[in-house]
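J.: heads up, no residue letters with this:
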């Protein structure tokens, strides 16, 4: 990591504050928006189960094998992906700048405490922003190829051409985002087990989402979701939407004139649609309505996202290294109850 300093090195008076970059918050980890499952080093077995029962006429005879009760349990092995952020730093380039003043005495000491407190400190939130983006947008090259190879169709059970376009435009990452995993996965709990299109519910006949159309498009997503999900009392469903939807929603709710309607409930930072909470995340094009615990982020330790190792390089070097290592993947369970807008 090169330390880039521009503006000259003459010591003059300066503003005390160093303006810092603005970083998107890592709400998924901080607020537990989805099920963040820890203690996974390299892989995890994900189990799903169900029971199907059929009523038959009552008898007084001995119980026989009727096939009226069907119990299902399956396991899918999910592999986690290790990735890292690392680089070296040469603090010597900070000589002659304001940061020189906070270097300890001694020619060997070139580490600036002010630089670490006001500039280096930004590495952690920058990593958090990238990881948050990886969870909601992006796919591996192999995943993008697999999604592109699916046969598109208009009805349920097939991917839309629009979803393939969105997937192709995703950044190519080391980890698949939740939308990419919903679209294509190797779950053994699907109607057709193994690698292939996900069992998600597609929202039909979607249109471009604007401030004028957003209420209607959310209505399609809400109306297309399974009634079991919408009326769940065990765990309430939630909507996961692109960050920009918050602005569109507030514009739609504050339209001037005879067409003014209150389509969304806005209470400060809490926004909902027909009683379903909306979470604004770095999704691009897609929207998800689901039970939050059905959306999984598997990690070794959730605090890895902000853990930094910083130390001097070996053999007497005055340079330092900085490194962050993480292990992560996304997964989805109960796929037939997950509604994917633009899927």
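T.: Sure thing, it's come through. This one's a predicted model, so the numbers in the text were calculated from it and none came from an experiment. Residues are numbered from 1 along each chain as shown.
J.: Quick one: distance of stretch 186-198 to the chain centre.
T.: 21 Å (CA atoms, centre = their mean, to the nearest Å).
J.: for the record, mean pLDDT for that stretch?
T.: In this model, stretch 186-198 carries a mean pLDDT of 95.
J.: how about it: buried residues?
T.: Under the neighbour-count criterion of 16 or more other CB atoms under 10 Å, stretch 186-198 has 187, 189, 190, 197, 198 buried. (C-beta placed from N, C-alpha, C; glycine too.)
J.: Out of these, which sit inside strands?
T.: Cross-referencing those against strands under DSSP state E gives residue 197.
J.: Pull the most distant pair out of the buried residues of stretch 186-198.
T.: The span of the buried residues of stretch 186-198, defined through CB to CB, is set by 189 and 197 at 13.9 Å.
J.: pLDDT score assigned to the most centrally placed residue in the chain?
T.: Nearest to the geometric centre of the chain sits residue 135, at 2.7 Å (CA atoms, centre = their mean). Residue 135 carries a pLDDT score of 96 in this model.
J.: Give me the nearest residue to it, chain neighbours excluded.
T.: Leaving aside its chain neighbours, residue 135 sits nearest to residue 28 (5.4 Å; criterion: CB to CB, 6 or more residues apart in numbering).
J.: where along the stretch 151-300 of the chain do the helices fall?
T.: 161-169, 178-183, 214-224, 227-230, 245-253 (DSSP state H, counting those that start in this stretch).
J.: surely the residue nearest to residue 135 meets residue 128?
T.: No - using CB atoms under 8 Å, residue 28 is not in contact with residue 128, being 9.6 Å away.
J.: Look at the two and report which has more neighbours.
T.: Under the criterion of other CB atoms under 10 Å, the comparison of residue 28 against residue 128 puts residue 28 first, with 24 against 20.
J.: tell me the SS of that one?
T.: For residue 28, the assignment made with DSSP: H, G, I helix; E, B strand; the rest coil gives helix.
J.: List the contacts of it.
T.: By CB atoms under 8 Å, 6 or more residues apart in numbering, the contact set of residue 28 is 34, 36, 132, 135, 136, 281, 297.
J.: Now do the strands in the stretch 51-200 of the chain.
T.: 69-79, 81-89, 184-185, 196-197 (DSSP state E, counting those that start in this stretch).
J.: would CSV of those with distance to residue 241 be doable?
T.: Compiled in CSV, the strands of the stretch 51-200 of the chain are given as follows (distance: least, CB to CB, whole Å):
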stretch, distance to residue 241
strand 69-79, 26
strand 81-89, 26
strand 184-185, 22
strand 196-197, 23
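J.: ranking the ones you listed by burial, who's on top?
T.: strand 184-185 (a mean of 24; mean count of other CB atoms under 10 Å).
J.: Can you give the distance of that one from its chain's centre?
T.: The answer for strand 184-185 is 16 Å, by CA atoms, centre = their mean.
J.: if we can go back for a sec, just name the most buried of the helices of the stretch 151-300 of the chain.
T.: helix 178-183 (a mean of 27).
J.: Can you name the residues in contact with that helix?
T.: 34, 135-140, 143-144, 147, 150, 159, 163, 166-167, 170, 197-198, 200, 240, 283, 286, 288, 295, 297, 330-332, 335, 338, 340, 343.
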